[in-house]
Each structure stands twice: as C-alpha cells, then as structure tokens.
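Trainee: heads up, no residue letters with this:
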C-alpha cells in the first residue's frame, strides 16, 4: 500500500504542459512542418495501416519527440506518415490533433536535445 502524507499539498497552479524554463514541454506543431522533419534515414518499415487504425480508434495519444539540436524527429516517424496519409485521404481529424490555418497541428515533446540520435 502506498503511504501518503495528508499534509502535503499538490501544486495545481503548474501547467500540464510543463514549465518552459525546465526544458521538455509539449508544443503543437503543424503537420506540414513535421513531415519535413522526418529523417529519411529512418530504417523502420512502418505498418501504416495498423498505425492509422490505432489513431482512428484511440486518437493521437503519444506525442512525437523532436531533437532541438538537429531539428529532426527522434520518435514518431510512422505516426507522422500515418497522419499525412489520413489528411491526404480526407479523414476526420483524430482526437487530440488540433487544426490551425487549414493544417493539423500535432503534439510534440520539444525542449530536449540529444548528442547522438543513434
């Protein structure tokens, strides 16, 4: 059983997106821009059909991760490909994807940098 301290207060004033000065945070970026950040050297063969089915069923639940040092995605290439295909095919905007200026915007973890992406 987890012991809790009844005197401890939770600071609910902090944003769910995090404190920008602390580094990592969630930011919504345009899908068009993200498609241009995909590293073509990504060797994975994504099962786009399965990814699309999952996004249609559950919505978009896992943010992408952007390496600020390189401007490239380090996680989420297949999900970007799936969203681009869905958008091109006229699919409805998935849950947790926003629309801005006639483009979908996607949640991305920003504010992190990696020395290597290997």
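Mentor: Nice, thanks for sending it over. Note that the structure is predicted; figures quoted are calculated from it, not measured.
Trainee: Tell me the predicted confidence for the residue nearest to residue 61 when sequence neighbours are not counted.
Mentor: Leaving aside its chain neighbours, residue 61 sits nearest to residue 96 (6.7 Å; criterion: Cβ to Cβ, 6 or more residues apart in numbering). Where you see a C-beta, it was placed from the backbone N, CA and C, and this is true even at glycine. In this model, residue 96 is scored at 96, pLDDT.
Trainee: ok, now which ones touch residue 96?
Mentor: For residue 96, the contacting residues are 59-61, 107, by Cβ atoms under 8 Å, 6 or more residues apart in numbering.
Trainee: Tell me the most packed of those, by neighbour count.
Mentor: residue 60 (21 neighbours; other Cβ atoms under 10 Å).
Trainee: Report the beta-bridge partners for residue 29.
Mentor: residue 106 (DSSP bridges).
Trainee: Let me see the contact set for residue 81.
Mentor: 38, 46, 48, 51.
Trainee: Which one of the residues you listed is nearest to residue 100?
Mentor: residue 38 (20.0 Å; Cβ to Cβ).
Trainee: What about that closest one, how many residues nearby?
Mentor: If we define neighbours as other Cβ under 10 Å, then residue 38 has 17 of them.
Trainee: That one contacts residue 77, correct?
Mentor: Yes: using Cβ atoms under 8 Å, residue 38 is in contact with residue 77, at 5.2 Å.
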